[in-house]
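Colleague: Provided below for reference: sequence and predicted model.
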There are 2 protein chains.
Amino acid sequence: MPVDARRISATYRLHVSARDGKQRAEQLALEQSIEMPAQSVSDPLVLHEMAAHVEDVTSVDDATQVARLSLSAETVGDDAAQLMNMLFGNCSLQEDVELIDVDLPAELARLWGGPNHGIGGVRNRTGATDRPLTCTALKPIGSAPQSLARMCTVFANAGIDVIKDDHGWANQRSAPFAERVRACQSAVRTANAGRRVGGAIYAPSLYGQYEQMCEQTRVARSEGVTMVLIAPMVCGVATFVALKREFPDIMFIAHPSLGGLRIAPPALFGKLFRLFGADAVIFPNHGGRFAYSREVCRAIAQNNRQPWHGLRATLPTPAGGMSIERVPEMVGEYGRDSMLLIGGALLAQPEGLARRSAEFVEAVARASEVIPV
Amino acid sequence: MPVDARRISATYRLHVSARDGKQRAEQLALEQSIEMPAQSVSDPLVLHEMAAHVEDVTSVDDATQVARLSLSAETVGDDAAQLMNMLFGNCSLQEDVELIDVDLPAELARLWGGPNHGIGGVRNRTGATDRPLTCTALKPIGSAPQSLARMCTVFANAGIDVIKDDHGWANQRSAPFAERVRACQSAVRTANAGRRVGGAIYAPSLYGQYEQMCEQTRVARSEGVTMVLIAPMVCGVATFVALKREFPDIMFIAHPSLGGLRIAPPALFGKLFRLFGADAVIFPNHGGRFAYSREVCRAIAQNNRQPWHGLRATLPTPAGGMSIERVPEMVGEYGRDSMLLIGGALLAQPEGLARRSAEFVEAVARASEVIPV
């Protein structure tokens, strides 16, 4: 899809009749830009340059039209939050509108810049150079730091690459951030001690606003942490971008929490999270606790990885009720450049944690042997 | 609804059959708290204290159940973002779930504290002591600061109480934040000069992350600004709460942008925005460009204003394609303690701006004469 150097392309599904499609698209274009009737604008330059334009409207069926709009890059400036505002701010409140795709000028893509590390960076850090990565989560909330640290030891010894906090971890009294990070990172460091390169990564979950997150990241970094978990739709995408810029040495794994707007997951998790700087993106895989279709999941992974304005690729991380039994299928589906996240299933019986973690790692190794290079 | 001192009450509409209601509610309780199967939790205290509990499930019809859950306050800590996470983070990705109501212990309500000023504060500042307030918006994006300042002069001279930036204003080149604020605030100050008390307020729109918003608020305050516009779902609710605490002298008008999750508007805009500190809340009125029902709008206004844990009341601000012709109906509907926002309709013809602004102010004054005290 060709993109004007100063215009952002946004594609919407409109749940209106074919007869109403064009008019609805024109209304949407005003809603998402100048927020006033076109005939009331006295300056023709504002109408031409600032208003969103309807590029085309195609009919899918009697009740669904697809409208492609172009938004002025000037209305967005350099603020990621403002991009969200312009793409889907007001129309998030209009139930007949879904945002299904977005593209933007190379200049804007370079401005936000995408991941600082990307798939290659995560591979370098873990030493997992030629297979899908493995990831798990520390739970449940309420556990004490020492208990979480013991889990870290088991996971790291089993060979799991990324051990992340559940996204529900913040600064709870049962495991305050600094104490939790120190205990978990120390456990992972000890487990990695015998390795010459790479090893498990512990990724703590950030909470609060930008200043707090900066402080948390500094605390974590001082303990040796190299990756953090962030939920961009909870903290705001501007917070995420600013953090990525402030800490270019840190890797970010993005969580989809609160991302259930009517923005198609391949656009939100596949493209926008990558654009803003996610080195890995967690999303609910089909067939688990969430109802995403196989096609949606494949499209997320595709958008995470395909060439796009020279941005580094993001590691697609399917999750959400996955099991060791499904590893071969998931590896077959997502290929080498992915990370499989299994959380609760490893914890099914506390006494079997080490065994099940090892089985997970082995299942990924076995399944990846048969992926064509 | 009685609330346990340490538990948050969250009510969800589940789009499942009556037969599946109980089980779906139990799954949801785990999803929104410990994120693992209950039988895998080895510590009974975690299960009892940290997991969300299903309090009751009632059947609305064959395909709709209403489940009331209680969430542990301990899982939320003192972080507003974490409250959103726990209320609707993961389940925002599950289309069969809507969050329809929320209540919380008085202790937590006091922690976030609600508006610093509330309806009384906005009345004091504007001098509009005994009638609905009037509000309008500066548009379109692309206008130069001097052009916006001229609009401010016209609006303020016409007697409009609150003149806010469109929520699309950030730091665009056509009207950079500091320059825009200086020009607009100066125009409003000049227009107010003859008054002994009160007068029009100019409320600039904040953008970016917390640190940027603090800087913008300082710049605005140094020019004499007393109110700012913020979109909590765009910047993140933790950013909003922190800002409200950092600037107790500033009033906040909250914009609903990006708020179109499956959270009922009376819960999100009516209660949560109030809880986090909105002195006024803008929401799409029925019969305009948005499809909210009359009942939903009334419920938002009710939740903004009714007694709730001693929090100050928030000024409900219906908007979104309103017209001067609808003022009597809106005043009748929302009563004295409300603010009517008319933007685009005042701008219909640039040469009629002063006349239409005066008509708006007069219409509100006339309509408010007949409200029973």
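Modeller: Arrived safely, thanks for sending. Since we're looking at a predicted model, the values are computed, not measured.

Colleague: Surely residue A:339 and residue A:133 touch.
Modeller: Yes: contact criterion CB atoms under 8 Å: residue A:339 and residue A:133 qualify, at 3.9 Å. Yep, even glycine has a C-beta here, placed from its N, CA and C like the rest.

Colleague: Would you mind giving the secondary structure of residue A:164?
Modeller: strand (DSSP: H, G, I helix; E, B strand; the rest coil).

Colleague: got it, and residue A:56?
Modeller: What three-state DSSP gives for residue A:56 is strand.

Colleague: shared neighbours, residue A:339 and residue A:133?
Modeller: Common contact partners of residue A:339 and residue A:133 (CB atoms under 8 Å, 6 or more residues apart in numbering or on different chains): A:122, A:161-162, A:315.

Colleague: Counting neighbours, which of those residues comes out on top?
Modeller: The most neighbours of any of the shared contacts of residue A:339 and residue A:133, using other CB atoms under 10 Å in any protein chain shown, belong to residue A:315, which has 31 neighbours.

Colleague: Now for that one: which residues touch it?
Modeller: By CB under 8 Å, 6+ apart, the neighbours of residue A:315 are A:118-119, A:122, A:133, A:279-281, A:304, A:337-339.

Colleague: residues near residue A:164, how many?
Modeller: What residue A:164 shows, counting by other CB under 10 Å, is a neighbour count of 25.

Colleague: who touches it in this structure?
Modeller: A:135-138, A:202-205, A:227, A:229, A:253, A:341.

Colleague: Quick check: residues of the stretch 101-250 of chain A near chain B?
Modeller: Residues of the stretch 101-250 of chain A lying close to chain B by CB under 8 Å from any CB of the partner chain are A:137, A:139-143, A:166-168, A:170-174, A:207-212, A:231, A:234-236, A:238-239, A:242.

Colleague: Can you pull up the most central residue in chain A?
Modeller: Central residue of chain A (CA atoms, centre = their mean): residue A:281, 3.3 Å from the mean position.

Colleague: Could you identify the helix or strand that succeeds the host helix or strand of that residue?
Modeller: Using DSSP states H and E, residue A:281 sits in strand A:280-284. Under the assignment DSSP H and E, the closest C-terminal helix or strand after strand A:280-284 is helix A:294-305.

Colleague: that older thread, the residue nearest to the centre of chain A against residue A:318, yeah?
Modeller: No: checked against CB under 8 Å, the pair residue A:281 and residue A:318 is beyond contact range at 9.7 Å.

Colleague: quick revisit: let's see which of the contacts of residue A:164 end up in helices.
Modeller: Among these, no residue falls in helices (DSSP state H).

Colleague: Go ahead and confirm residue A:172 touches residue B:78.
Modeller: No: with contact defined as CB under 8 Å, residue A:172 and residue B:78 do not form a contacting pair (9.8 Å).

Colleague: which one of those two has more residues nearby?
Modeller: residue A:172 (23 against 16).

Colleague: residue ranges with poor pLDDT in chain A?
Modeller: The model of chain A has pLDDT under 70 over residues A:1-5, A:372-373.

Colleague: So the residue of it positioned farthest from its centre: helix, strand or coil?
Modeller: When distances are taken from the C-alpha mean of chain A, residue A:42 lies farthest, 41.4 Å away, according to CA atoms, centre = their mean. Counting by three-state DSSP, the backbone at residue A:42 sits in coil.

Colleague: Could you confirm whether any residue of stretch A:86-94 contacts chain B?
Modeller: Yes: for stretch A:86-94, a contact with chain B is found by CB under 8 Å from any CB, at A:86, A:88-94.

Colleague: Show me what the helix or strand encompassing residue A:25 is packed up against.
Modeller: Per DSSP H and E: residue A:25 is located in helix A:18-31. Here helix A:18-31 touches strand A:7-14, strand A:53-61, strand A:64-72, going by 3 or more CB pairs under 8 Å, 6 or more residues apart in numbering or on different chains; DSSP states H and E.

Colleague: Buried residues, that helix. List them.
Modeller: For helix A:18-31, the neighbour count (16 or more other CB atoms under 10 Å in any protein chain shown) marks A:21-22, A:24-31 as buried.

Colleague: In the stretch 51-200 of chain A, which residue sits closest to chain B?
Modeller: residue A:92 (3.1 Å; CB to the nearest CB).

Colleague: How much space separates that residue from residue B:259?
Modeller: 6 Å (CB to CB, to the nearest Å).

Colleague: again, but for residue A:51
Modeller: Taken as CB to CB, the span from residue A:51 to residue B:259 is 23 Å.

Colleague: Relative to residue A:66, which of the residues of stretch A:86-94 next to chain B is nearest.
Modeller: residue A:91 (14.5 Å; CB to CB).

Colleague: picking up where we left off before, and the residue nearest to the centre of chain A, what does it touch?
Modeller: A:253-254, A:256, A:269-270, A:273-274, A:300, A:304, A:314-317.

Colleague: still on that earlier bit, and the shared contacts of residue A:339 and residue A:133, which of them are in helices?
Modeller: If you go by DSSP H, those have residue A:122 in helices.

Colleague: Mind putting the shared contacts of residue A:339 and residue A:133 into a markdown table with distance to residue A:103?
Modeller: Output for these, formatted as a markdown table (distance: CB to CB, whole Å):
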| residue | distance to residue A:103 |
| --- | --- |
| A:122 | 25 |
| A:161 | 32 |
| A:162 | 30 |
| A:315 | 22 |
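
Colleague: Just give me the closest of the shared contacts of residue A:339 and residue A:133 to residue A:13.
Modeller: Distances from residue A:13 to the shared contacts of residue A:339 and residue A:133, taken by CB to CB, are shortest for residue A:315, at 28.1 Å.

Colleague: circling back to that earlier point, pretty sure the residue farthest from the centre of chain A is touching residue B:350, no?
Modeller: Yes: using CB under 8 Å, residue A:42 is in contact with residue B:350, at 4.6 Å.

Colleague: Not counting sequence-adjacent ones, nearest residue to the residue in the stretch 251-373 of chain A that chain B sits nearest to?
Modeller: Nearest to chain B in the stretch 251-373 of chain A, going by CB to the nearest CB, is residue A:260, at a distance of 3.1 Å. Of all residues not flanking residue A:260 in the chain, residue B:92 sits nearest, at 3.1 Å (CB to CB, 6 or more residues apart in numbering or on different chains).

Colleague: Let me see the contact set for residue A:187.
Modeller: Taking CB under 8 Å, 6+ apart as the definition, contacts of residue A:187 comprise A:149-150, A:152-153, A:156, A:202.

Colleague: Show me which pair in those is furthest apart.
Modeller: A:150 and A:202 (13.0 Å).
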